[in-house]
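Colleague: structure of the sequence below:
(chains A and B)
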Protein chains: 2
Amino acid sequence: MMQSSPIPTDSNRPFLTWQRITDWAQEHYRCRSFSKDERIPARPGLLYLVQRGTVRLVGSAELKYAESKPKSRPRNRKLDQAFLGFVGAGQPFELIAQSPFSLQAYSHADDTTILWMYWHDLDNWPHFRREVLDAFRYQHQRKLLWLSILGQRRTIDRLLGFLTLLIEEHGEYYTSGDREDGFKGYRLPWSLTHSQIGSAIGTTRVTVTRLMGKLRQQNLIYTQDDNFICIPVDPETQNQTSDLTAESGFEEEE
Amino acid sequence: MMQSSPIPTDSNRPFLTWQRITDWAQEHYRCRSFSKDERIPARPGLLYLVQRGTVRLVGSAELKYAESKPKSRPRNRKLDQAFLGFVGAGQPFELIAQSPFSLQAYSHADDTTILWMYWHDLDNWPHFRREVLDAFRYQHQRKLLWLSILGQRRTIDRLLGFLTLLIEEHGEYYTSGDREDGFKGYRLPWSLTHSQIGSAIGTTRVTVTRLMGKLRQQNLIYTQDDNFICIPVDPETQNQTSDLTAESGFEEEE
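Modeller: Okay, here's the model as predicted:
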C-alpha cells in the first residue's frame, strides 16, 4: 500500500531542482498562499505546483436539461459540483475549461501555497519537466481506477472503493494507542465532509452518512475523532507485485 | 467542438517519427493485431500505441463485501467491469494493475493493431516521448471531466454528460441526407452497447435503454441505424475560448 508518488513531497525531495524552482517562483512573484476553502483562480494553459498544503479539485458542468415531460423544450441547467480528488504537496496540477464542462481548484488546508509557471518555463529544467509529465501520467492511472469504482451500481461499493483509493494514495500509517485491540491502519490526513464524498460518488449526504455507519459496523472503516477516515490494515492482503520477465510485451494467454 | 488530440492519427500525422516507429516495431516484432472484443494482454510498465483501430479500456475491482447483515463477516467480492473509455489510432495507453483494482484493454474494432515498447525505447525519440506524455496529460484532463459527470446524482445527467464527453472527444461530423430537416451533428464512430454504457455510469442496461429513449424524444441525442449515437449541433453553442493576457498566473478575482 501507499506507493510513493513520482514527485516526492517537499520534505523528502532528493533533488535540488525543487529548491531552485521555489526560489525562482518567489523571485518572479509566481507564488501565492490561500486559506482553507479559498478558490485558487487557476487559468487554463498554465502549470501549477503545490508547494505546501493540499488542493481539492472540483468539477462542474452545464447540460441541457432533460425535462420529465417528453415534449417540453430542453433548457440549460447547472449540475452539482463534484469532488475530483486531492493534489498534495510537491504535486502538479492544471485546469482546462471547456464548455460545457469546467474544473476548479480550492485550497483544502490553511496556508496552502501554490506556484505557477508557463509550460515553456520548464525548458530551463528538462529533468523536472519529465517528472511533472510522469506525475500527470500517474494521476491519470489513478483516475482510471477511480472511474472503474464509479461505474459500480451499488452505492456502498462506490463508497468503499472511493475511500480505499483515496487512502491508498494519500493515507498515512496510523495506530490508536498501544492497546492490542487498538486500530492499526492508514488514515486520510485531511477531513472530507459527507456532502463532498456524496458529490464524488453520485449520492446524497444523507446516504453517505448511513452507509459510513454500515461500513464502520463491519470494521471496514474507522473514523478518528469523527473527522479522519481510516482503513484497517488487512494481514491477508499482500501486494501482488508483477514479476514478469518474458520477452514479449504481451502477457501469456490465459 | 472536436478539438484535435495531441497525437494526430496515422492518416494526418505530419511527422516522419510515426512511420519510423511503426517500421521499428515491425522489425522488432513489437506489433500485433487483434479481432473485435479480443483482450489485449498488456503488461504493467510497458507503453502501448494504437496503430490502427480502437481500444476499449475496462476496469475491475475486488472489494470487501459489505453484507446487509450488520455483524456478518465481510468477504471479498468481484465487482462489475466498468467501461473507462476509448483509445483511438495514434494514441498511447498503459495499464497498471494494483490490487484490489485492475485495468484491462480490449480491441473494440476488427484488425486493431497495437505496438508496444519499453519506456526507455523512447530515449531514441525524445520528441515523440514528449508527445506521448502530453497525450497522457490530455487524457487525464478528459478523465477529470468524466469524473465530474459521474458525480451527478441523476442518472439521466450522468448519461447525457457521458455521451457528450465521448462524442466531443471522438465524434465525427455527420448529416443524415440532404433534407433541410435532416440531422446535423457529431457521431460516435463506434457502437457501444447499453450494457457497456450502464457499466460506465453506474446503472443497468434496462435503465440506459429507457433513458436513451427519453433523450431521443427531446432531440438531445439521435441514433443512426440503432447503433451509432449522435449529438446534434447546437447553433446557440459557441466555443468559449479563453483569451486572457493578464500578467498574473491567476485569474482576476470574481
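Colleague: what's the offset of stretch A:100-113 from the middle of its chain?
Modeller: Mean-position distance between stretch A:100-113 and its chain equals 11 Å (C-alpha atoms, centre = their mean, to the nearest Å).
Colleague: is there proximity between it and chain B?
Modeller: Yes. Contact of stretch A:100-113 with chain B (C-beta under 8 Å from any C-beta of the partner chain) involves A:Pro100, A:Phe101, A:Leu103. C-beta coordinates here come from the backbone N, C-alpha and C atoms, glycine included.
Colleague: for the record, mean pLDDT for that stretch?
Modeller: For stretch A:100-113, mean pLDDT rounds to 92.
Colleague: distance between the ends of that stretch?
Modeller: 29 Å (C-alpha to C-alpha, to the nearest Å).
Colleague: pLDDT-wise, which helix or strand of chain A ranks last?
Modeller: The weakest-scoring helix or strand in chain A, judged by mean pLDDT, DSSP states H and E, is strand A:97-98 (a mean of 71).
Colleague: what's the following helix or strand after that one?
Modeller: Sequence-wise, the next helix or strand downstream of strand A:97-98 (DSSP states H and E) is strand A:101-107.
Colleague: ok, residues contacting that following strand?
Modeller: The list of residues contacting strand A:101-107 from outside it, by C-beta atoms under 8 Å, 6 or more residues apart in numbering or on different chains, reads A:34-40, A:42, A:48, A:53-61, A:81, A:84, A:87, A:93, A:95-97, B:141, B:144-145, B:148-149, B:161, B:165.
Colleague: just the helices in the stretch 101-250 of chain A please.
Modeller: Taking DSSP state H, counting those that start in this stretch as the criterion, the stretch 101-250 of chain A carries its helices at A:126-150, A:155-170, A:194-201, A:205-217.
Colleague: among these, which is nearest chain B?
Modeller: Checking these against chain B by C-beta to the nearest C-beta gives helix A:126-150 as the closest, at 2.4 Å.
Colleague: is any part of the closest one close to chain B?
Modeller: Yes. With C-beta under 8 Å from any C-beta as the criterion, chain B is reached by helix A:126-150 at A:130, A:133-134, A:136-137, A:139-141, A:143-150.
Colleague: mind splitting chain A into its structural domains?
Modeller: Chain A breaks down by the TED database into domains covering A:11-61+A:77-150, A:153-233.
Colleague: make TSV from the ones you listed and add mean neighbour count to it.
Modeller: Below are the domains of chain A laid out as TSV (neighbours: other C-beta atoms under 10 Å in any protein chain shown):
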stretch	mean neighbour count
domain A:11-61+A:77-150	18
domain A:153-233	18
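Colleague: so, low pLDDT: which residues of the stretch 1-150 of chain A?
Modeller: Scanning the stretch 1-150 of chain A for pLDDT under 70 picks out the ranges A:1-15, A:65-74, A:97.
Colleague: contacts only, for the residue lying closest to A:Thr22 once chain neighbours are set aside.
Modeller: Closest residue in space to A:Thr22, ignoring its immediate chain neighbours: A:Gln51 at 5.9 Å, by C-beta to C-beta, 6 or more residues apart in numbering or on different chains. The contact partners of A:Gln51, by C-beta under 8 Å, 6+ apart, come to A:Asp10, A:Thr22, A:Ala25, A:Cys31, A:Ala89, A:Gly90, A:Thr113, A:Ile114, A:Leu115.
Colleague: how about A:Ile231?
Modeller: Applying C-beta under 8 Å, 6+ apart to A:Ile231 gives the contacts A:Leu163, A:Thr164, A:Ile167, A:Gly171, A:Gly185, A:Tyr186, A:Leu220, A:Ile221, A:Tyr222.
Colleague: include distance to chain B and pLDDT when you put these into JSON lines, please.
Modeller: Compiled in JSON lines, the contacts of A:Ile231 are given as follows (distance: C-beta to the nearest C-beta, whole Å; pLDDT from 0 to 100):
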{"residue": "A:Leu163", "distance to chain B": "10", "pLDDT": "96"}
{"residue": "A:Thr164", "distance to chain B": "7", "pLDDT": "93"}
{"residue": "A:Ile167", "distance to chain B": "12", "pLDDT": "94"}
{"residue": "A:Gly171", "distance to chain B": "14", "pLDDT": "93"}
{"residue": "A:Gly185", "distance to chain B": "13", "pLDDT": "92"}
{"residue": "A:Tyr186", "distance to chain B": "14", "pLDDT": "94"}
{"residue": "A:Leu220", "distance to chain B": "6", "pLDDT": "93"}
{"residue": "A:Ile221", "distance to chain B": "10", "pLDDT": "94"}
{"residue": "A:Tyr222", "distance to chain B": "14", "pLDDT": "92"}
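Colleague: could you check how far the residue lying closest to A:Gly59 once chain neighbours are set aside is from A:Ser60?
Modeller: Using C-beta to C-beta, 6+ apart and skipping the chain neighbours, the partner closest in space to A:Gly59 is B:Ser148 (2.4 Å). Distance of B:Ser148 to A:Ser60, computed by C-beta to C-beta, to the nearest Å: 7 Å.
Colleague: before we move on, back to that, want to throw the contacts of A:Gln51 into CSV with distance to A:Pro232?
Modeller: As requested, the contacts of A:Gln51 are arranged in CSV below (distance: C-beta to C-beta, whole Å):
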residue, distance to A:Pro232
A:Asp10, 29
A:Thr22, 37
A:Ala25, 40
A:Cys31, 39
A:Ala89, 26
A:Gly90, 28
A:Thr113, 33
A:Ile114, 34
A:Leu115, 37
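Colleague: check those residues against A:Arg154 and report the nearest one.
Modeller: Nearest to A:Arg154 among these, counting by C-beta to C-beta, is A:Ala89 at 34.4 Å.
Colleague: surely that closest one meets A:Thr22?
Modeller: No. Between A:Ala89 and A:Thr22 there is no contact under C-beta atoms under 8 Å: 11.3 Å.
Colleague: relative to chain B, how far out is A:Ala89?
Modeller: 19 Å (C-beta to the nearest C-beta, to the nearest Å).
Colleague: try A:Leu16
Modeller: 23 Å.
Colleague: tell me the angle the helix or strand hosting A:Asp23 makes with helix A:126-150.
Modeller: Using DSSP H and E, A:Asp23 sits in helix A:17-27. Angle of helix A:17-27 versus helix A:126-150, following axes from the mean of the first three to the mean of the last three C-alpha atoms, to 10 degrees, is 100 degrees.
Colleague: which helices and strands sit right next to whichever helix or strand comes after helix A:17-27?
Modeller: Using DSSP H and E, the next helix or strand after helix A:17-27 towards the C-terminus is strand A:31-34. Judged by 3 or more C-beta pairs under 8 Å, 6 or more residues apart in numbering or on different chains; DSSP states H and E, strand A:31-34 is in contact with strand A:112-118.
Colleague: the strand it packs on pairs with which strands, and in what direction?
Modeller: strand A:31-34 (antiparallel), strand A:46-52 (antiparallel) (DSSP bridges).
Colleague: in the stretch 151-254 of chain A, which residue sits nearest chain B?
Modeller: For the stretch 151-254 of chain A, C-beta to the nearest C-beta, closest residue to chain B: A:Gly151, 2.7 Å.
Colleague: grab the nearest non-local neighbour of that residue.
Modeller: Nearest-residue entry for A:Gly151: B:Ala82, 2.7 Å, with adjacent residues in sequence omitted and distances by C-beta to C-beta, 6+ apart.
Colleague: wait, what's in contact with the one you found?
Modeller: A:Leu147, A:Ser148, A:Ile149, A:Leu150, A:Gly151, A:Gln152, B:Val58, B:Gly59, B:Ser60, B:Ser199, B:Ala200.
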